[in-house]
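Chemist: Could you look at this predicted model? Sequence included:
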Amino acid sequence: MLVLSGEDWEDKVTGAKSSPPWSAIKKQAKFGQMPLLTSSDGTDLAQSRAIARFLAQKVTINSAPLRPADPWLCFQADELVDALED
């Protein structure tokens, strides 16, 4: 979805041997977890499904948003995604 958004983005990978190491990032990370997405205004977004839903609202394909505006259709999509997690 990052590619489809058309916005510039950078993939950063972290770990014990990274600079800065994950142990340093974790202290400042929202909920102390990954993944994290830092928005263009500097806001850190957390939780993979929440990030996916956020990005889906920003992405359009053939001028139609990837995430529908209709709350019922959104619920149906969310229900299927959440069922896969269970």
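Modeler: Nice, I can see it.
Chemist: which helices and strands sit right next to the strand or helix carrying residue 76?
Modeler: Assigning secondary structure by DSSP states H and E places residue 76 in helix 71-85. Helices and strands touching helix 71-85, as assessed by 3 or more C-beta pairs under 8 Å, 6 or more residues apart in numbering; DSSP states H and E, comprise helix 48-58. Quick note: C-beta positions are derived from backbone N, CA and C, even for glycine.
Chemist: Quick one: mean pLDDT for the helix it packs on?
Modeler: Here helix 48-58 scores 89 as its mean pLDDT.
Chemist: which residues are in contact with it?
Modeler: Applying C-beta atoms under 8 Å, 6 or more residues apart in numbering, the contact partners of helix 48-58 are 1-2, 5, 7, 35, 37, 45, 65-67, 78, 81-82, 85.
Chemist: neighbouring strands for the following helix or strand past that helix, and are they parallel or not?
Modeler: Later in the chain than helix 48-58, the nearest helix or strand by DSSP H and E is strand 60-61. Strand 60-61 sits in its sheet next to strand 64-65 (antiparallel), going by DSSP bridges.
Chemist: could you point out where this structure is predicted with low confidence?
Modeler: 86 (pLDDT under 70).
Chemist: one more time with 90
Modeler: Within the chain, the ranges that satisfy pLDDT under 90 run 1-30, 34, 38-42, 49, 52-69, 77-78, 80-82, 84-86.
Chemist: center of it, which residue is that?
Modeler: Nearest residue to the geometric centre of the chain (C-alpha atoms, centre = their mean): residue 51, 2.3 Å.
Chemist: circling back: go through the contacts of helix 48-58 and say which is closest to residue 14.
Modeler: The shortest gap between residue 14 and any of the contacts of helix 48-58 belongs to residue 35, at 10.5 Å (C-beta to C-beta).
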